[in-house]
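**Student:** Please find the sequence and the predicted model below.
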Amino acid sequence: MRQLGLTMAIYIIRTAFNDGIGAVPFLWPIIKAIPWLILLWAVKFFFSGVSNKSDRNMHGRVVLVTVRTVEMQEWTNWLSISREEPVV
């Protein structure tokens, strides 16, 4: 089994050390973008607020039935009830 991804990563790292960062295409812009990405993640994490651990997990779904005729509504309700889904 070939590990092409790992071999390519080792080659890129070796090229960066031996020939310099400028020898690897697009490496310098990626290195310059990393601190900004970390800053964006930190701001997102800080302002995300407190998560609600006591929120109940509703193991199912609620079906909203909006149809034109009564016959179609009865058929849709029957299908939903047979699948044990709450109907609104």
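**Tutor:** Okay, I see it.

**Student:** Excluding chain neighbours, give the residue nearest to residue 24 in space.
**Tutor:** Nearest residue to residue 24, sequence neighbours excluded (Cβ to Cβ, 6 or more residues apart in numbering): residue 16, at 5.0 Å. (Glycine included, C-beta is placed from N, CA and C.)

**Student:** Could you check how far the one you found is from residue 39?
**Tutor:** Separation of residue 16 from residue 39 (Cβ to Cβ, to the nearest Å): 24 Å.

**Student:** again, but for residue 7
**Tutor:** Here the criterion is Cβ to Cβ. By it, residue 7 lies 33 Å from residue 39.

**Student:** Could you say which helix or strand holds residue 80?
**Tutor:** helix 70-82 (DSSP states H and E).

**Student:** which parts of that helix are buried?
**Tutor:** residue 80 (16 or more other Cβ atoms under 10 Å).

**Student:** same deal with stretch 21-35?
**Tutor:** Quick answer for stretch 21-35 (16+ other Cβ under 10 Å): residue 24.

**Student:** Tabulate the CA atom coordinates of the longest helix along the chain in PDB.
**Tutor:** In the chain, taking DSSP state H as the definition, the longest helix is helix 27-47. What follows is helix 27-47, C-alpha atoms only, in PDB (Å, rounded to 0.1, in the frame of the first residue of the first chain):
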ATOM      1  CA  LEU A  27       4.000  28.200   1.200                       C
ATOM      2  CA  TRP A  28       4.700  31.700   2.200                       C
ATOM      3  CA  PRO A  29       1.100  33.000   1.800                       C
ATOM      4  CA  ILE A  30      -0.100  30.000   3.800                       C
ATOM      5  CA  ILE A  31       2.300  30.700   6.600                       C
ATOM      6  CA  LYS A  32       1.200  34.400   6.600                       C
ATOM      7  CA  ALA A  33      -2.500  33.300   6.800                       C
ATOM      8  CA  ILE A  34      -2.100  30.900   9.700                       C
ATOM      9  CA  PRO A  35      -2.000  33.600  12.500                       C
ATOM     10  CA  TRP A  36      -5.100  35.300  11.000                       C
ATOM     11  CA  LEU A  37      -7.000  32.000  10.900                       C
ATOM     12  CA  ILE A  38      -6.100  31.300  14.500                       C
ATOM     13  CA  LEU A  39      -7.300  34.800  15.400                       C
ATOM     14  CA  LEU A  40     -10.600  34.300  13.600                       C
ATOM     15  CA  TRP A  41     -11.100  31.000  15.400                       C
ATOM     16  CA  ALA A  42     -10.300  32.600  18.800                       C
ATOM     17  CA  VAL A  43     -12.800  35.400  18.200                       C
ATOM     18  CA  LYS A  44     -15.500  32.900  17.000                       C
ATOM     19  CA  PHE A  45     -14.800  30.800  20.100                       C
ATOM     20  CA  PHE A  46     -14.900  33.800  22.500                       C
ATOM     21  CA  PHE A  47     -18.200  35.200  21.100                       C
END
